[in-house]
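In: Just need the structure, nothing else, for what follows:
(3 chains)
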Amino acid sequence: MTTHAVSDAGFDVSRATRASRIGGVFALVLIAFLATFPFWADAGWMREFNEMACYLIFAMMWNLLAGYGGMVSIGQQAFLGLGGYALLVMGNFFGVNPFLAVPIAALLTMLVALPVSQLAFRLQGGYFAIGTWVISEVFRLSIANVSAVGGGSGTSLTALRGIEKATRQSITFWLCLAGAVASVALVYWFLRSRQGLALLAIRDSEVAAESQGVNVHATKLGVYLVAAFGAGLAGALYFLGNLRISPDAAFTVNWTAFGIFIVVIGGIGTIEGPIIGVILFYLLNKFFSDYGTWYLVGLGLLAIVVTVRFPRGLWGWMSRRFDLHFFPVQRRLVLHEPDKDTSHD
Amino acid sequence: MLGWIDTILQGVLLGGLYALFAMGQSLMFGVMRLTNTAHGDFIILAAFGAFSLSLAFGLPPAAAPWLAMGLLLPIAFGAGYGLQRVLLNHTLGRDPLPSLVVTFGLAIVIQNLLQETYSADPRSIESGGLNTASVALGGGLAVGTLPLLIFLVAVGMAIGMQMLFDRTPIGRAFRAVSDDKDAAELMGLDHRHVYALATGIAFLLVAVAGTLHGMKTTVSPADGPALLLYAFEAVIIGGMGSFYGTLAGGIILGVTQAVGFRFDPGWGIWFGHIVFLMMLVVRPSGLFPKTR
Amino acid sequence: MSLLQTHQLKAFYGDFQALFGIDFEIAPGEIVAIIGANGAGKSTFLKTVCGLLKAPREAVLFDGAAIGGLAPGQIVQQGIAMVPEGRRLFPSLSVEENLLMGAYAKRTGPWSLDTVYALFPVLKQKRHNPSTALSGGQQQMVAIGRGLMSNPRLLICDEVSLGLAPIVVKEIYNALPRVCAGGLTVIVVEQDVGMAQLVSSRLYCLQEGRVTLSGASGELTREQISQAYFGV
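Out: Model prediction:
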């Protein structure tokens, strides 16, 4: 008998975990279930889902930018608002089908992000954060002065008037569901790619990454553009469902405030984090938003406590404690069993 | 022509107010690289605090605000010192996110607590006619007494802060800890205490700014973020690390806004933002930068 | 009776062990050198003594008192001053202001601006210059002066010769006897073995976190030192 002559390096690089395989199946089932909503669910439920889907997309993108890209921005609402207004302009003035206009709006927003990044990237750290806020204010004030789109008080999305209500609600819902799934998938795919690995390297040490040949500037720009695309998508979807847009609603810093809250409470720098965060946010909203200002005070205090005590958020804490990864981005070394000698005499 | 001179003059005085807003932030960022997103909200909080204090003792309106400011100062210092020691010191480090999120959370808490306490109605601090008094400068020009006073306070503040930094032991400590925290610790300096002192002083500046602001115009709980942006722009335009730079930055911002308002009231603030962004493109380090 | 004593001192950076049980002692008035290659643990040892790195309380004794793990500020108050590797002067401060920062701990003793300027006269001429505008050797003088300003009982000089021309290094070490005249105890950490042997009465050699040699500087041979230094 001969021994096996397998050339075996002794390990595999694997990404999937048991949790992720179970989670993957579960996710598919959930998405299929959600897709049936328009056939039986209450219109109110769908509207709530739409709103949460937009928060999820926005938060996921903010997380990509801050948690992975290391760029903390308080001005992402600029792109959300631009997405909404792009939708408005295309629908009301150019007769584009509003549903088709959604992804186009996101794309246009991404294009605007290119020159904006040239300005924003001149600042670092905390000043980058506030600088992006100023830029967002510029957009808000500019649009508030344009009477054609309703000026300071805003206007309605007339392009949707001709469509039958139930159809409109169904398609809007499916688009929101698709947008949410797509944004999670996009971020997941991006992080598993080479660009994603480069991003993680940059997050750990820019200088070291640069010395390994990573083009730091291009990678950061890429992330910024992707985040803008996502924010624009969220904006277009939100105002598609809302039917009415105004500069204050579109460009309010509350979007970022809630986004930050969702990401920080859920767990920054993870993909599961924003998802958990949105669910938590929805529940808190549902039960406590009647308390008005006290509810907001509570949110603010919660964000402070979580940042100081649980810097990795709820998911980060759970993930470490139980070693759970539903969206495994890390690569793990799986050692092979030592090859048994099968030679017999 | 006179109209233009008047506009520029108003702008300069407005810039004094913006410089006043910005001084505290310039200090905090200079010493510990902390960006306090709630900075504007603390100014509004101070304004409301002064408002309540000025009504609490039944004093005549001409004297009440000044007493209020006097009472507010030690409270502000203690609050700043305590906040830094207890909360903000734990957020500092290589990552800018924790301090941003925590101060953001504080902003939301402050805005909503103010709303609960005072409702959303705008308030103003009675000053016994000071806010309408004016000083004639000759040639048909006149400036408000209060804006002029605010401007002079701003100039005094800039001079005072720069002297504090350049000539006093605590100023030395501020510069040292800002340069190299660990090396400063080797000299026996406790950075937690020095940082807290810096915030305490910054809050003194905030208390003065808030009181004067509340005397000049009305304030409402949601006004904070706008003030944060003006303060931030003043610091960037002027250049980080110099209080005179912050003063200059405030003045430039004020003049820019005043000129913009003159063209069209809807574009005044927008114009200020645009000039700020242009500054970022043309001279990102600001006009009089002192820091590395 | 030793001034500073460490007993089986271990130190960790997270999970990584950098020191494996260092026994060290220095008597008042002595000049002791610590030598070793890069990564041998010299800086780590100094960091634990100065409080920049955690250590068990009883592992470091200063004049009989356990000081392991105390904050740097408290250790300076006790009378230990460090002249850090690379000088680490404050760029925003002038020469004189840097020296004044050294006196932050307000300990009393023979050292003041006047006596430091007497030791290094060139600094007096440049007292108002920004500290980083000076030459390397002059910056090192400022760093040493800054350490002296806290009127320590123990002065630790970490790699004073780093980046300096030999003639400048000589000039600085020539000042050492005057520094010690008042009874100051000095630990000198050096890469320059020859200089270390010259200025010290005893020396320790570290290698990979352990003491591989210790003895009177005048009696140790080249071979002994080589062996201990490189572990060959």
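
In: Looking at the stretch 201-345 of chain A, which residue is nearest chain B?
Out: Relative to chain B, the nearest point of the stretch 201-345 of chain A is residue A:300 (3.6 Å; Cβ to the nearest Cβ). To be clear about C-beta, it is placed using only N, CA and C from the backbone, and glycine gets the same treatment.

In: Just give the closest residue to that residue, not the sequence neighbours.
Out: Closest residue in space to residue A:300, ignoring its immediate chain neighbours: residue B:108 at 3.6 Å, by Cβ to Cβ, 6 or more residues apart in numbering or on different chains.

In: Pull the contacting residues for that neighbour.
Out: The contact partners of residue B:108, by Cβ atoms under 8 Å, 6 or more residues apart in numbering or on different chains, come to A:257, A:296-297, A:299-300, A:303.

In: Show me the contact partners of the longest helix seen in chain C.
Out: Assignment by DSSP state H gives helix C:136-148 as the longest helix of chain C. With Cβ under 8 Å, 6+ apart as the test, helix C:136-148 has contacts from B:187, C:81-84, C:87-89, C:95, C:98-99, C:101-102, C:111, C:115-116, C:119-120, C:122-123, C:126, C:131-132, C:134, C:155-157, C:160, C:163-165, C:168-169, C:171-172, C:175, C:179.

In: Repeat that for stretch A:61-68.
Out: Applying Cβ under 8 Å, 6+ apart, the external contacts of stretch A:61-68 come out as A:71-73, A:76, A:183, A:187, A:190-191, A:196, A:199-200, A:203, A:223-224, A:226-231, A:234, A:256, A:259-260, A:263, A:268-271, A:273-274, B:97.

In: Just those residues: which are in strands?
Out: Among the contacts of stretch A:61-68, none falls in strands (DSSP state E).

In: near chain C, from those?
Out: When contact is defined as Cβ under 8 Å from any Cβ of the partner chain, the contacts of stretch A:61-68 do not meet chain C at all.

In: Quick one, which of those residues are buried?
Out: Buried by 16 or more other Cβ atoms under 10 Å in any protein chain shown: A:71-73, A:76, A:183, A:187, A:190-191, A:196, A:199, A:223-224, A:226-231, A:234, A:256, A:259-260, A:263, A:268-271, A:273-274, B:97, out of these.

In: Just confirm yes or no for the helix or strand where residue B:249 lies near chain A.
Out: Take DSSP states H and E as the rule and residue B:249 turns out to sit in helix B:243-263. No: shown here: helix B:243-263 not in contact with chain A (Cβ under 8 Å from any Cβ), separated by at least 10.6 Å.

In: from the chain's centre, how far out does that helix sit?
Out: Remark: helix B:243-263 is offset 14 Å from the chain centroid, using Cα atoms, centre = their mean, to the nearest Å.

In: How about the residues of chain C by chain B?
Out: Counting by Cβ under 8 Å from any Cβ, chain C comes close to chain B at C:50, C:52, C:71-73, C:76-77, C:81-82, C:84, C:88-93, C:97, C:100-102, C:104-105, C:146, C:150.

In: Show me those residues that map onto strands.
Out: Cross-referencing the residues of chain C next to chain B against strands under DSSP E gives C:81-82.

In: In ChimeraX, how would I select just the buried ones from the residues of chain C next to chain B?
Out: If you want just the buried ones from the residues of chain C next to chain B in ChimeraX, going by 16+ other Cβ under 10 Å, the selection is:
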select /C:50,52,72,73,76,81,82,84,88,89,90,91,92,93,97,100,101,102,104,105,146,150
